[in-house]
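Asker: Fold the stuff below for me.
(chains A and B)
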There are 2 protein chains.
Amino acid sequence: MDLRPLIRDVPDFPKKGIVFKDITPLLGNASALAFSIDAIATAHIGKGITKVVGIESRGFIIAPAVALRLCAGFVPIRKPGKLPWKALSESYGLEYGSDTIQIHEDSLEASDRVLLVDDVLATGGTMGAALKLVQRAGATVVGTAFLIDLAFLGGAKRIGQPVFSVVAYQ
Amino acid sequence: MDLRPLIRDVPDFPKKGIVFKDITPLLGNASALAFSIDAIATAHIGKGITKVVGIESRGFIIAPAVALRLCAGFVPIRKPGKLPWKALSESYGLEYGSDTIQIHEDSLEASDRVLLVDDVLATGGTMGAALKLVQRAGATVVGTAFLIDLAFLGGAKRIGQPVFSVVAYQ
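Answerer: Numbering: from 1, shown residues only, chains lettered A, B, ... in the order given. Just a heads-up that it's a prediction; the model follows:
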């Protein structure tokens, strides 16, 4: 299934000069949604994944559905102040300034095998910090998966873990 | 399946005097996650639902998985400034001040039959605004579904639409 006609380019969002990949037409299409989730799940069946970790907010749209297909649990990574329990924090650099994400410190166990999921892979900064959180929580990273890989930005090389994407822009 | 042992009470979160229902232990349990999604989906099979609408952020965890089970599409309702395309806005009152949510104006059609999903029903303010957005977008509301209904707060009465919940606290 060709998903590209369902991914909308929005110029100058969220700021001037950036062309945003809007996945809402894809998500709203029942067939495209099922195709995308199944593509990610099928690529990771048989790898003993016990938890799928999703990154707030758009990672939440994809990760729990993949978890269901893999008979795994779902664990959220959130922005500071959103998780109600004791959490581990990791900061990462942005073009200007930095950002922080968190995971509950009791959300993963040493026996857990983890697939990390987000909607878009750009430079890999957020996913790099998410990988550190999962490793600090003591679990094993099996791989990462994205709906879209903006491959021309080279994020996959920086991640240092297997990267699966449903759609890649070269 | 009794989900209550997997819902953690966190006192004084997000502010003093509130006991927060933390669903992360439930989401992390593969069986409980599947049970919850299946309970919502099964209650709405055969109602011709074409779109499942989820409210940012925790509604995103549940709604797309329900959409998959119902062979429907997923449509996000987000906080202002997050949706990249032309959006409808709806404001609603909070204890102090007000909040606003948005939906893409092209996300629903007149033929769409919609199930709205969020994690927790409290006073019903957010869901009330979400219902208005769906109706203004021209679609038909079939019902609302929640993982948890804090029934003692009386939100269901204020919503004026069918309310389904997996766990209700009386």
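
Asker: buried stuff in the helix or strand hosting residue A:164?
Answerer: Per DSSP states H and E, residue A:164 falls inside strand A:163-168. Judged by neighbour count (16 or more other C-beta atoms under 10 Å in any protein chain shown), strand A:163-168 contains these buried residues: A:163, A:164, A:165, A:166, A:167. To be clear about C-beta, it is placed using only N, CA and C from the backbone, and glycine gets the same treatment.

Asker: measure the last one to chain B for me?
Answerer: Counting by C-beta to the nearest C-beta, to the nearest Å, the gap from residue A:167 to chain B is 17 Å.

Asker: you'd agree that residue is up against residue A:6?
Answerer: No: Residue A:167 lies out of contact with residue A:6 (C-beta atoms under 8 Å); the separation is 9.6 Å.

Asker: any idea how far the nearest residue to residue A:98 once chain neighbours are set aside lies from residue B:144?
Answerer: Using C-beta to C-beta, 6 or more residues apart in numbering or on different chains and skipping the chain neighbours, the partner closest in space to residue A:98 is residue A:91 (5.1 Å). Distance from residue A:91 to residue B:144, counting by C-beta to C-beta, to the nearest Å: 38 Å.

Asker: any chance you could map the strands in chain A?
Answerer: Taking DSSP state E as the criterion, chain A contains strands spanning A:8-11, A:19-22, A:51-55, A:73-77, A:87-93, A:98-104, A:113-121, A:140-149, A:163-168.

Asker: And the third one, what does it pack against?
Answerer: In terms of contacts (3 or more C-beta pairs under 8 Å, 6 or more residues apart in numbering or on different chains; DSSP states H and E), strand A:51-55 is packed against helix A:59-69, strand A:73-77, strand A:113-121, helix A:125-136.

Asker: Please convert the ones you listed to CSV, extending it with distance to chain B and mean pLDDT.
Answerer: Output for the helices and strands packed on strand A:51-55, formatted as CSV (distance: least, C-beta to the nearest C-beta, whole Å; pLDDT from 0 to 100):
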stretch, distance to chain B, mean pLDDT
helix A:59-69, 4, 98
strand A:73-77, 4, 98
strand A:113-121, 11, 98
helix A:125-136, 13, 98
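
Asker: Please name whichever of these is nearest to residue B:134.
Answerer: Closest approach to residue B:134 among the helices and strands packed on strand A:51-55 is made by helix A:59-69 (17.8 Å; C-beta to C-beta).

Asker: how much space between residue A:142 and residue A:50?
Answerer: Noted for residue A:142: a distance of 9 Å to residue A:50, by C-beta to C-beta.

Asker: Quick check: neighbours shared by the two?
Answerer: Shared contacts of residue A:142 and residue A:50, defined by C-beta atoms under 8 Å, 6 or more residues apart in numbering or on different chains, are found at A:113, A:114.

Asker: Taking the centroid of chain A, which residue is nearest it?
Answerer: Nearest to the geometric centre of chain A sits residue A:118, at 1.6 Å (C-alpha atoms, centre = their mean).

Asker: Just list whatever residues bridge to that one.
Answerer: With DSSP bridges as the criterion, residue A:118 is bridged to residue A:146.

Asker: Surely it touches residue A:59?
Answerer: Yes: taking contacts as C-beta under 8 Å, residue A:118 lies within contact range of residue A:59: 4.2 Å.

Asker: contacting residues for residue A:91?
Answerer: Residue A:91 neighbours (C-beta under 8 Å, 6+ apart): A:98, A:99, A:100, A:129.

Asker: Count residues in the vicinity of the last one, would you?
Answerer: Meaning residue A:129. 21 (other C-beta atoms under 10 Å in any protein chain shown).

Asker: same question, the third one
Answerer: A count of neighbours around residue A:100, defined by other C-beta under 10 Å, yields 12.

Asker: Run through the residues that contact the residue nearest to the centre of chain A.
Answerer: A:54, A:55, A:58, A:59, A:62, A:63, A:126, A:127, A:130, A:144, A:146.

Asker: Show me which of those is closest to residue B:107.
Answerer: Out of the contacts of residue A:118, the member with the shortest distance to residue B:107 (by C-beta to C-beta) is residue A:58, at 15.1 Å.

Asker: Just give me the neighbour total for the nearest residue to that closest one once chain neighbours are set aside.
Answerer: Distance criterion C-beta to C-beta, 6+ apart; nearest residue to residue A:58, sequence neighbours excluded, is residue A:119 at 3.9 Å. For residue A:119, the count of nearby residues is 20 (other C-beta under 10 Å).
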